[in-house]
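sequence isn't available, so here's the structure alone:
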Ligand SMILES: *Cc1c(COP(=O)(O)O)cnc(C)c1O
């Protein structure tokens, strides 16, 4: 772990230039496999007697730099990257859980994660109780004898609820289950969940970390703080049939889960990140500290402006004094509250659709965290598969517009929305 600061780590952590022919940029190692010195060397790599590269589905030198950098900036003992955020979440949970296990999750989650927990995992016998995450005691109430994880988003997408992470982490500790926090929207530039008790941190690298809307990627950062030997996770304390008898907890200590993710998660589910995408994401990560500041500044300015528009019914941004999450934002997101703003348009569903059709700078698409400004009407798009009750608990009302505020000049963004309001 590096003891340098965030803005230094995003540029340097994990890259030893003497190992890459002096290249100042991290090279793209576009290779599927790695030549062994001899069969003994190969045998040592497979048995973990020696660490090294075997096959890019497991690891790759470009990806390795990204992994070490992410571990450094989130304060973890290790990190693993994946082909997408969704791949990180599904592989992370499948590596941890088995049929009969149970999750307690916030009801305010990214739509794809909600569907994974609500529909797909139950098909495999892994069930989830969704709770109102604004009160940590709701997690304790939902715990069952078979509960094996708590799952939340530090800044919910798209509800923008800021959670009492310390309070929820206490409940996770009491239940002896890992506390998993998706930190995609807040980013490590604004919040480090591990400081507040998270055991595992998840990112869609596709969003602010890559930051330019050109590459999918995902990551799990392992704080190394969870006690896998507490009796609830025999897969970590008994010989693994999946990796020739390896006892993860005994052999790998704090890095047990990180290695299980690579040796079983990536090997079996195959969601490896392309080294080219790792390179693109590394380029983005270099400027995350300056971008996320500007995204936050633009978003707050636009949210304040929207509050004074007569076409607008309500505005939700945790940095606004009117937000019910403002006190929690001051505690958990004092440096800024990221770039997502939601608001309701007077006129409801139809007016909201018209507005999203009329913007010119704000692109109508299903992504967040791009340098360019984005707009979407979740009720008719990303969350259309949920019924109205599920939409409400995810914070998606019929009139809700989600903005991902980019780095354009704020006056141009206001002008674009002004002309779009006129089109309703
Ligand atoms: C986008 C997103 C994901 C999924 O990531 P992909 O890279 O699109 O697979 C997960 N969680 C949150 C909070 C997201 O915004």
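Cool, got the structure. All figures in this text were calculated on a predicted structure; none of them were measured in a lab. Numbers count the residues shown, from 1 in each chain.

and residue 241, how many neighbours?
Using other C-beta atoms under 10 Å, residue 241 has 9 other residues around it. Every C-beta, even on glycine, is put in place using the N, C-alpha and C of the backbone.

for it, give its distance to the ligand.
Distance of residue 241 to the ligand, given as C-beta to the nearest ligand atom, to the nearest Å: 30 Å.

check that residue and give its pLDDT.
On the pLDDT scale, residue 241 is placed at 91.

do the same with the one 10 residues further on
The predicted local distance difference test score for residue 251 is 94.

tell me which element it falls in.
helix 248-252 (DSSP states H and E).

before we move on, what about residue 67?
Using DSSP H and E, residue 67 falls in helix 61-74.

average pLDDT for that helix, rounded please.
So the average pLDDT for helix 61-74 ends up being 98.

for that helix, the distance to its chain's centre please.
15 Å (C-alpha atoms, centre = their mean, to the nearest Å).

one more: stretch 119-126?
21 Å.

first to last residue in it, what's the distance?
End-to-end distance for stretch 119-126: 10 Å, by C-alpha to C-alpha, to the nearest Å.

hmm, residue 272 is touching residue 82, no?
Yes - using C-beta atoms under 8 Å, residue 272 is in contact with residue 82, at 7.3 Å.

anything in contact with each of the two?
residue 266 (C-beta atoms under 8 Å, 6 or more residues apart in numbering).

so which of those two has more stuff around it?
Between residue 272 and residue 82, counted using other C-beta under 10 Å, residue 82 has the larger neighbour count: 30 against 23.

and the helix or strand bottoming out on mean pLDDT in the chain, which residues are buried?
None of the helices or strands of the chain scores lower by mean pLDDT, DSSP states H and E than helix 388-393, at a mean of 81. For helix 388-393, a neighbour-count test (16 or more other C-beta atoms under 10 Å) marks 390-391, 393 as buried.

that one: what's the following helix or strand?
Once the chain leaves helix 388-393, the next helix or strand it forms, by DSSP H and E, is strand 400-404.

what angle separates the next helix or strand along the chain from that next one from strand 400-404?
Per DSSP H and E, the first helix or strand lying C-terminal to strand 400-404 is helix 410-422. On the basis of axes from the mean of the first three to the mean of the last three C-alpha atoms, to 10 degrees, helix 410-422 is oriented at 160 degrees to strand 400-404.

any figure for the gap between the closest residue to residue 402 other than its chain neighbours and the ligand?
Nearest non-adjacent residue to residue 402, counting by C-beta to C-beta, 6 or more residues apart in numbering: residue 158, 4.7 Å away. Plainly put, residue 158 is 9 Å away from the ligand if you go by C-beta to the nearest ligand atom.

surely residue 158 forms part of a strand?
No - secondary structure of residue 158 (DSSP: H, G, I helix; E, B strand; the rest coil): coil, not part of a strand.

I figured it hits residue 397, correct?
No - using C-beta under 8 Å, residue 158 is not in contact with residue 397, being 10.3 Å away.

those two: who's more crowded?
The residue with more neighbours, out of residue 158 and residue 397, is residue 158; 26 against 19, by other C-beta under 10 Å.

residues in contact with that one?
340, 342, 378, 382, 394-396, 400, 402.
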